[in-house]
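# pasting the sequence and the predicted coordinates here, then a few questions.
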Amino acid sequence: MRKCREDFGNGAAMKKFAVSVAVLLVAALVLFHIVVPVMVDRQKNTVVSTDIPTVSPQASALHRTLFVADLHADELLWGRDLLERVDRGHVDLPRLQEGKVALQVFSVVTKTPRDMNYDKNTGDTDNITLLAMAQRWPRETQSSLRARATYQAEKLQDAVLRAGGAITLITSRDTLEAFARRRGGDPLQVGALLAIEGLHALDGKLENVDVLFAHGYRMMGLTHFFDNEVAASAHGVSHAGLTALGRQVVARMEQLGIVVDLAHASKQTVREVLAMATRPVVVSHTGVAATCPGPRNLTDEQLRAIAANGGLIGIGYWDGAVCKPTIENIVKAIRHAVQVMGVSHVALGSDFDGATQTPWDTRGVIVITDALLASGMPADDVARVMGGNTLDFLLRTLPAASAAPR
């Protein structure tokens, strides 16, 4: 009898232990899949102030008439529903509508190195794998960067389908022209264009350019924070230029009508792309070295070369672009770029949700309209910088006819 009681006691203890382990495992899974992604997002994507400054009546009236466009935001990396307003990060549909943003370029990140910096990184490590696992991305994204790109494209396409006409995926001049006409009568509509940061997402295969095009990508950055099979990064090790594959990739992109993005590219990569380019290029998010020195930002020589190509640059809002994220520094960078390149080559490229701190979220873009007007820039030039240039550029560079994404 005593042995039976001991066995029963041991069995009860084991059962209690098993239940405790199960509870801990469930708690760990909840922490990993729900709490951690939100915590990382909240920590990485911040604003100086949640309050949007009051602007002049003149700026408010002008802003309502503008086609506002932003060449770069990384919202698709984070585990949010684009259609829902959240209290973290920088971009979602309600805040885009509140900011009167007409067109948002959604750029996709597939890999970043640990301890990444602006000076020297390798591609030996990866921050995104754990984030992707925590956010329960499909299993194939653990081993394929191309799969990470196609998954994020599908996230945007799903949001477009669920938005009930509030978001239009821009894949061609046709879709952009039709969207711009519709938006004239409905300022709450938002256009979305897919872009990518770094063609390591090709997994080293030229044919994957066509795969990404089929998934809706219309702008592609050759590099991000490390050298890849296509080209050297401004933040990599070699500081070289295009590879043999890279030259094939650029040629194929031009054939398809994909915009070449030189953000993060090494100086040699920039020179080599401009030497072979037959179509205008973009630098989607950047600063200018004259107002904020550093390997991330464009020299006056590069600005003039991009203007000669017919290209476009997007001035960013974060510290790497403007040294300190203030409206004064953003305006200083814009005005310098306009002085060097001409007003037709300058646009906005926020780098919202790019693990950045910005002065405000996308609701605050009206502050740039106000500050440019206050600086003495003519209203017509303000309209060009705020989005008119981006609209004109894309109408010149996107493929003529739509190719339905898979």
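Here it is on my side, so go on.

# quick check: buried residues in stretch 93-104?
Neighbour-count burial for stretch 93-104 flags 93-104 (criterion: 16 or more other Cβ atoms under 10 Å). C-beta: built from backbone N, CA, C; applies to glycine.

# with the residues you listed in mind, which one is nearest to residue 323?
The nearest member of those to residue 323, counting by Cβ to Cβ, is residue 99 at 24.0 Å.

# list the contacts of the closest one.
By Cβ atoms under 8 Å, 6 or more residues apart in numbering, the contact list for residue 99 reads 68, 362-366.

# can you tell me which of the residues you listed end up in strands?
residue 68 (DSSP state E).

# now intersect the contacts of residue 99 with the helices, please.
When DSSP state H is applied, these are split such that residue 366 fall in helices.

# which stretches in the stretch 151-300 of the chain count as helices?
Using DSSP state H, counting those that start in this stretch, the helices assigned to the stretch 151-300 of the chain run over residues 173-185, 208-214, 244-256, 267-276, 300-308.

# tabulate those helices (CSV), appending distance to residue 336.
As requested, those are exported to CSV (distance: least, Cβ to Cβ, whole Å):
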stretch, distance to residue 336
helix 173-185, 29
helix 208-214, 34
helix 244-256, 28
helix 267-276, 18
helix 300-308, 8
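
# mind putting these into CSV with distance to residue 59, mean pLDDT and mean neighbour count?
Listed next are the helices of the stretch 151-300 of the chain as CSV, based on distance: least, Cβ to Cβ, whole Å; pLDDT from 0 to 100; neighbours: other Cβ atoms under 10 Å:
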stretch, distance to residue 59, mean pLDDT, mean neighbour count
helix 173-185, 20, 96, 15
helix 208-214, 39, 98, 19
helix 244-256, 38, 98, 18
helix 267-276, 34, 98, 18
helix 300-308, 27, 98, 18
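
# quick one: closest of those to residue 111.
Of all the helices of the stretch 151-300 of the chain, helix 208-214 sits nearest to residue 111, with 14.5 Å by Cβ to Cβ.

# show me what that closest one is packed up against.
Helix 208-214 is packed against helix 145-162, helix 244-256, with contacts defined by 3 or more Cβ pairs under 8 Å, 6 or more residues apart in numbering; DSSP states H and E.

# which one of those lies closest to residue 318?
Across the helices and strands packed on helix 208-214, residue 318 has its closest neighbour in helix 145-162 (21.0 Å, Cβ to Cβ).

# convert the C-alpha atoms of the closest one to CSV, please.
Extracted C-alpha coordinates of helix 145-162, given in CSV (Å, rounded to 0.1, in the frame of the first residue of the first chain):
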residue,chain,number,x,y,z
LEU,A,145,16.2,35.1,-49.9
ARG,A,146,14.1,35.0,-53.1
ALA,A,147,11.3,33.4,-51.1
ARG,A,148,11.5,36.2,-48.6
ALA,A,149,11.0,38.7,-51.4
THR,A,150,8.1,36.9,-53.0
TYR,A,151,6.5,36.4,-49.6
GLN,A,152,6.6,40.1,-48.8
ALA,A,153,5.3,40.9,-52.2
GLU,A,154,2.3,38.6,-51.5
LYS,A,155,1.7,40.4,-48.2
LEU,A,156,1.3,43.7,-50.1
GLN,A,157,-0.9,42.1,-52.7
ASP,A,158,-3.1,40.6,-50.0
ALA,A,159,-3.5,44.0,-48.4
VAL,A,160,-4.4,45.5,-51.8
LEU,A,161,-7.1,42.9,-52.2
ARG,A,162,-8.5,43.5,-48.7
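
# could I get stretch 253-261 in PDB with only the CA atoms?
Output in PDB follows, covering the C-alpha atoms of stretch 253-261 (Å, rounded to 0.1, in the frame of the first residue of the first chain):
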ATOM      1  CA  MET A 253      16.200  45.100 -65.600                       C
ATOM      2  CA  GLU A 254      16.300  47.700 -68.300                       C
ATOM      3  CA  GLN A 255      14.700  45.300 -70.800                       C
ATOM      4  CA  LEU A 256      11.800  44.600 -68.400                       C
ATOM      5  CA  GLY A 257      11.300  48.200 -67.400                       C
ATOM      6  CA  ILE A 258      12.500  47.800 -63.800                       C
ATOM      7  CA  VAL A 259      14.000  50.900 -62.300                       C
ATOM      8  CA  VAL A 260      17.600  50.500 -61.100                       C
ATOM      9  CA  ASP A 261      18.000  51.900 -57.600                       C
END
